[in-house]
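>>> Sequence plus predicted model, see below.
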2 protein chains.
Amino acid sequence: MEEHKKRILLVEDDPNFGTVLKDYLMMNDYEVTHAKNGMEGFEKFKKDDFDLCILDVMMPYKDGFTLAKEIREKNTDVPIIFLTAKTMKEDVLKGYKVGADDYLNKPFDSEVLLMKIKAIIQRKATETISDSKQFEFKIGRFDLNSKLRFLKFDGGEPVKLSPKENELLRLLALHENDLMPRELALTKIWRDDNYFTSRSMDVYIAKLRKYLKLDEKVEILNIHGEGFRLVINS
Amino acid sequence: MEEHKKRILLVEDDPNFGTVLKDYLMMNDYEVTHAKNGMEGFEKFKKDDFDLCILDVMMPYKDGFTLAKEIREKNTDVPIIFLTAKTMKEDVLKGYKVGADDYLNKPFDSEVLLMKIKAIIQRKATETISDSKQFEFKIGRFDLNSKLRFLKFDGGEPVKLSPKENELLRLLALHENDLMPRELALTKIWRDDNYFTSRSMDVYIAKLRKYLKLDEKVEILNIHGEGFRLVINS
DNA sequence: ATTTTTGTTAACGTAAGGTTAAAACAGAAG
DNA sequence: CTTCTGTTTTAACCTTACGTTAACAAAAAT
């Protein structure tokens, strides 16, 4: 059972603090990429796969939140920890909205940081097994390519899907014949769960049903109050 | 629109602080059960299903960690948040070891607590429940799929069940051939035990009997004043 | 015999979902 | 900066699903 060292992207503009933190993490058996600002952070993020991102909030040019949003567009799963100055409650709240997994007040206790990292990475590890990177699906007579965002019927002309259509259909396909809970789609795709996002999702379900009508064996069933179910009848 | 309000078990011995916190959480649309000490907390935990536990660390008789361990023995999944009196690093680390999802230092900002609760509950919702065994029952010639909420007769067309129908039949099935006490269904499903919920339950028993009529070997018997019994005759 | 509990059906009110269209938004192009 | 285009959200209206309650009948207990 070979394991690779966990990779951490550290984005921190203070060179002293950044270096110290990097060294400390490396001493604790993590592989650390240190970026000095948001721009550089995003570049490095795109180039590599990380198990965790640690972002300073206060940075010139591109702050931690903006960076987090960009990262989230590329990858909805990677855990993010924010580093904020002690008193900034606003930061904390904003961070959670962007989908942070945790935050830490500076200055913080390094042992606590380690524990958090361990806890978060372990948490993700257990989740990730179920929805492993899968981007191509056979749905009855359809082919969904979730990476290129298109849907083909009987190998014919591909139809382009919008980002939301695509994500939603992908989630449904991942749970084929099984319940795909409303909540799951709302938190994973819309990152918020309220009346309007929920209605928005219903609109997308209608759109998907329209696409899928071509194959009468494929349907999206509703389970009242729970979610939806993509079934392929034989 | 939510099927049920999220349920929080709050274990906090300081009556003032506990009550204030409970009220605040209730104002924010959570259902809160407040226990005044570890012992009581564990009793209440066993009686009910909670989406989250908030445990004070410093409590007489049974501290938060001990309680957490007991809770973990019963349930490995339920998220736990600790409240620690000061910035006790020891507590924090110990908390993570027991499987805490987060911790908060008292006094803390209530808005931050709310965000954490939301984030943690959402995170848990993400983890897919794939214990199919617990949700599938064979009842005579019927198959009950309690997760997808349908009932099939002889492998034919599935009939959809409403949430209450489903939960009630599931409870009966769990006690197959045995007494399923009225009170149990009322507290577990209706979460209230009064004249009206009790009549409502009777209505659902009637509905279930109608479904189950297809197999004359299956019946729901009443035990006067006690409850019901799902029997499968051979 | 009378009260209490249960069986059953129907009606009602509310909430959730289906669908379409228009408004709002965002990014690209002019 | 404005216009165009594709995308997403909001609004509106309608249908279906669900749960409670009421009413009355039947059974069981007292």
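That came through, no problem.

>>> list the buried ones in the helix or strand of chain A with the lowest mean pLDDT?
Using mean pLDDT, DSSP states H and E, the weakest-scoring helix or strand in chain A turns out to be helix A:89-97, at a mean of 70. For helix A:89-97, the neighbour count (16 or more other CB atoms under 10 Å in any protein chain shown) marks A:Asp91, A:Val92, A:Leu93, A:Lys94, A:Gly95, A:Tyr96 as buried. For glycine as for every other residue, the C-beta is placed from the backbone atoms N, C-alpha and C.

>>> Extract the C-alpha trace of it and format it as CSV.
Extracted C-alpha coordinates of helix A:89-97, given in CSV (Å, rounded to 0.1, in the frame of the first residue of the first chain):
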residue,chain,number,x,y,z
LYS,A,89,-15.0,38.0,11.7
GLU,A,90,-16.1,39.1,8.3
ASP,A,91,-13.4,37.1,6.7
VAL,A,92,-14.4,34.0,8.4
LEU,A,93,-18.0,34.3,7.3
LYS,A,94,-17.0,35.1,3.8
GLY,A,95,-14.6,32.2,3.7
TYR,A,96,-17.3,29.7,4.5
LYS,A,97,-19.5,31.1,1.8
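
>>> Past it, which element shows up next along the chain?
Next in sequence after helix A:89-97, counting helices and strands by DSSP states H and E, comes strand A:102-106.

>>> what's the burial count for A:Lys217?
Counted with other CB atoms under 10 Å in any protein chain shown, the neighbours of A:Lys217 add up to 12.

>>> Burial check on the nearest residue to it once chain neighbours are set aside, number of neighbours?
Leaving aside its sequence neighbours, A:Lys217 sits nearest to A:Asn233 (CB to CB, 6 or more residues apart in numbering or on different chains; 4.6 Å). Counted with other CB under 10 Å, the neighbours of A:Asn233 add up to 10.

>>> before we move on, what about A:Ala35?
Under the criterion other CB under 10 Å, the count of neighbours that A:Ala35 has is 22.

>>> and what of A:Pro158?
15.

>>> List the contacts of it.
Contacts for A:Pro158 (CB atoms under 8 Å, 6 or more residues apart in numbering or on different chains) come out as A:Asn145, A:Phe150, A:Leu151, A:Lys152.

>>> change it to 10 Å
A:Asp143, A:Leu144, A:Asn145, A:Leu148, A:Arg149, A:Phe150, A:Leu151, A:Lys152 (CB atoms under 10 Å, 6 or more residues apart in numbering or on different chains).

>>> Pull up the residues of chain A that are close to DNA strand C.
Within reach of DNA strand C by CB under 7 Å from any atom of the strand, chain A has these residues: A:182, A:198-199, A:202-203, A:205-206, A:209-210, A:222, A:224-227.

>>> what about A:Ile121, how many residues close to it?
A:Ile121 is flanked by 16 other residues according to other CB under 10 Å.

>>> Just say helix, strand or coil for it.
Recorded secondary structure, A:Ile121: helix (DSSP: H, G, I helix; E, B strand; the rest coil).

>>> ok, so what distance separates it from chain B?
Counting by CB to the nearest CB, to the nearest Å, the gap from A:Ile121 to chain B is 13 Å.

>>> how much space between that residue and DNA strand D?
30 Å (CB to the nearest atom of the strand, to the nearest Å).

>>> again, but for A:Ile232
Distance, A:Ile232 to DNA strand D, by CB to the nearest atom of the strand: 21 Å.

>>> Grab the CA positions of stretch A:176-189 and hand them over as CSV.
Output of stretch A:176-189 as CSV, limited to C-alpha atoms (Å, rounded to 0.1, in the frame of the first residue of the first chain):
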residue,chain,number,x,y,z
GLU,A,176,-27.6,6.1,-11.6
ASN,A,177,-30.7,4.2,-10.5
ASP,A,178,-30.1,5.5,-7.0
LEU,A,179,-31.2,8.5,-5.1
MET,A,180,-29.3,11.7,-5.8
PRO,A,181,-30.3,13.9,-2.8
ARG,A,182,-31.5,17.4,-3.5
GLU,A,183,-29.2,18.7,-0.8
LEU,A,184,-26.2,17.0,-2.4
ALA,A,185,-26.7,18.8,-5.7
LEU,A,186,-27.4,22.1,-4.0
THR,A,187,-24.3,22.0,-1.8
LYS,A,188,-22.1,20.6,-4.5
ILE,A,189,-23.2,22.6,-7.5
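
>>> and that stretch, how far out from the chain's middle?
Put simply, stretch A:176-189 sits 14 Å off its chain's centre (CA atoms, centre = their mean, to the nearest Å).

>>> The spatially most central residue of chain A: what secondary structure?
With distances taken as CA atoms, centre = their mean, the residue of chain A nearest its centroid is A:Thr76 (1.1 Å). Under the three-state scheme (three-state DSSP), A:Thr76 adopts coil.

>>> correct me, but it touches A:Pro163?
No: the criterion here is CB atoms under 10 Å, and A:Thr76 misses it with A:Pro163 at 11.2 Å.
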